[in-house]
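*Asks:* Quick one, what's the 3D model for this:
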Amino acid sequence: MIFNFATVWDMSEGLISDVKDRLSKRIDAQATERLSLSFDTLKDIVVTLETDEEYPDQEDPLFFKELIEKMEDVFKYVFEAYMIEQSKPIGGNDSIDYLNKRFYEDIAARRKIMPPKYVPQAYPPITLLIRLLRNCQKHETKWPVDHMTGEKSFGNVYTLCSALILAVYAYKEILERWLETDASGC
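*Replies:* All right, here's what the predicted structure looks like:
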């Protein structure tokens, strides 16, 4: 599974980096800093997962928790970058689900898309999945036994890599929607 995730990342990194660089030329320094932090955190997840030789062979709930928390940060930072650039207050709720919703609502408003129409979004539940996995791993006291590994955990390498693959697709989609909206002059 790590190989599959690494392959998806290798095929996506250049495209994501290009969109990030194009966005960085259009946005202010503070937003660029947050966007770069988001991208660097994503790259760090990839490197950590690819170079950890023990995790595929031995389940480590703490390693899983660390990476899923970093994935939550990836989305939080990218949404914060957008909100900073658009001079939108983040407010008291900085959950990635809430920020995801606000991002797409603002994109729709800028494009003058009114309900029941919406901005196409292929991967909206990914922020919910990441938050759910993180919360379960962090707050639950009775972890279930994983049927694949036999270890007590809410996730294993298969769960993690599957979520990360979807997250890479969603991340690319978010950056593209932002760039498309800015480029269209909305």
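
*Asks:* Mean confidence (pLDDT) on stretch 167-176, please.
*Replies:* The average of the pLDDT scores along stretch 167-176 is 94.

*Asks:* Give me the buried positions along it.
*Replies:* Ala167, Val168, Ala170, Tyr171, Lys172, Glu173, Ile174, Leu175 (16 or more other C-beta atoms under 10 Å). C-beta: built from backbone N, CA, C; applies to glycine.

*Asks:* what sits against the fifth one?
*Replies:* By C-beta atoms under 8 Å, 6 or more residues apart in numbering, the residues touching Lys172 are Ser12, Leu15, Ile16, Val19.

*Asks:* State the next helix or strand along the chain beyond the helix or strand encompassing Phe103.
*Replies:* Per DSSP states H and E, Phe103 falls inside helix 96-110. The helix or strand immediately downstream of helix 96-110 is helix 125-139, counting by DSSP H and E.

*Asks:* Who are the packing partners of that next one?
*Replies:* helix 61-85, helix 96-110, helix 157-183 (3 or more C-beta pairs under 8 Å, 6 or more residues apart in numbering; DSSP states H and E).

*Asks:* nearest to Ser36, of those?
*Replies:* helix 61-85 (8.5 Å; C-beta to C-beta).

*Asks:* neighbouring contacts of the helix or strand of the chain with the lowest mean pLDDT?
*Replies:* When the helices and strands of the chain are compared on mean pLDDT, DSSP states H and E, helix 125-139 comes out lowest with a mean of 81. Residues outside helix 125-139 that contact it (C-beta under 8 Å, 6+ apart): 61, 64-65, 68-69, 71-72, 75, 95-97, 99-100, 143, 153-155, 159, 163, 166-167, 169-170.

*Asks:* quick revisit: right, and the helices and strands packed on helix 125-139 - which one's nearest Asp40?
*Replies:* In terms of C-beta to C-beta, the element of these nearest to Asp40 is helix 61-85, at 9.1 Å.

*Asks:* and the spatially most central residue of the chain, what is it in contact with?
*Replies:* The residue lying closest to the centre of the chain (C-alpha atoms, centre = their mean) is Phe75, at 3.9 Å. By C-beta under 8 Å, 6+ apart, the residues touching Phe75 are Ser38, Ile96, Leu99, Asn100, Thr127, Ile130, Ala167, Ala170, Tyr171, Ile174.

*Asks:* how near is it to Leu67?
*Replies:* For Phe75, the distance to Leu67 (C-beta to C-beta, to the nearest Å) stands at 14 Å.

*Asks:* What is the helix holding Phe103 packed up against?
*Replies:* If you count contacts as 3+ C-beta pairs under 8 Å, 6+ apart, helix 96-110 packs onto helix 61-85, helix 125-139, helix 157-183.
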